[in-house]
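In: Here is my input; please provide its structure:
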Amino acid sequence: MSTREPGSRSCPICGKPQQSIYRPFCSARCQTIDLARWIGGNYRVPAVEEEPSSDDDGKIS
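Out: Numbering: from 1, shown residues only. Next up, the predicted model:
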C-alpha cells in the first residue's frame, strides 16, 4: 500500500515525493533533519539593527 498522494509536492529536504504520513516530508529521517535545523536556528530571518537618528533622544513619544 502506497501512502503517496497523487499530484503531491516533493520533500523540501531531499526532493523525493512526499508521503502523507510524514507530510510535507518523505520520511521520518527528513522530518528529523528539518527539526534539527529549526532547533539549530538555521531557519532564522536575518535582521538589521537600525541605529538611532541624531535627533532621537531615546525617549518614547
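In: Which stretches in the chain count as strands?
Out: With strands called from DSSP state E, the chain shows none.
In: centroid residue for it?
Out: With distances taken as CA atoms, centre = their mean, Tyr43 lies nearest the centre of the chain, 5.2 Å away.
In: List the contacts of it.
Out: Neighbouring residues of Tyr43 by CB atoms under 8 Å, 6 or more residues apart in numbering: Arg37. All C-beta atoms are positioned from the backbone trio N, CA, C, and that covers glycine.
In: How about Cys30?
Out: Contacts here follow CB under 8 Å, 6+ apart; on that basis Cys30 touches 11-14, 22.
In: Check Ser27 too.
Out: Counting by CB under 8 Å, 6+ apart, Ser27 has contacts 11, 16, 19.
In: For the closest residue in space to the second one that isn't next to it in sequence, which residues are in contact?
Out: So that's Lys16. Taking CB to CB, 6 or more residues apart in numbering, and ignoring the residues beside it in sequence, Lys16 has Cys26 as its nearest neighbour in space, at 4.2 Å. Cys26 makes contact with 10-11, 13-14, 16-19, according to CB under 8 Å, 6+ apart.
In: mind running it again at 7 Å?
Out: The neighbourhood of Cys26, defined by CB atoms under 7 Å, 6 or more residues apart in numbering, consists of 11, 14, 16-19.
In: Quickly note the distance from it to Cys11.
Out: 4 Å (CB to CB, to the nearest Å).
In: Lys16: neighbour count?
Out: Counted by other CB atoms under 10 Å, the residues lying close to Lys16 total 13.
In: wait, it sits on Pro24?
Out: No: taking CB atoms under 7 Å as the contact criterion, Lys16 and Pro24 are not neighbours in contact, 11.5 Å apart.
In: picking up where we left off before, take the contacts of Cys26 and lay them out in JSON lines including distance to Pro52.
Out: Putting the contacts of Cys26 into JSON lines (distance: CB to CB, whole Å) gives the following:
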{"residue": "Cys11", "distance to Pro52": "45"}
{"residue": "Cys14", "distance to Pro52": "45"}
{"residue": "Lys16", "distance to Pro52": "49"}
{"residue": "Pro17", "distance to Pro52": "51"}
{"residue": "Gln18", "distance to Pro52": "47"}
{"residue": "Gln19", "distance to Pro52": "51"}
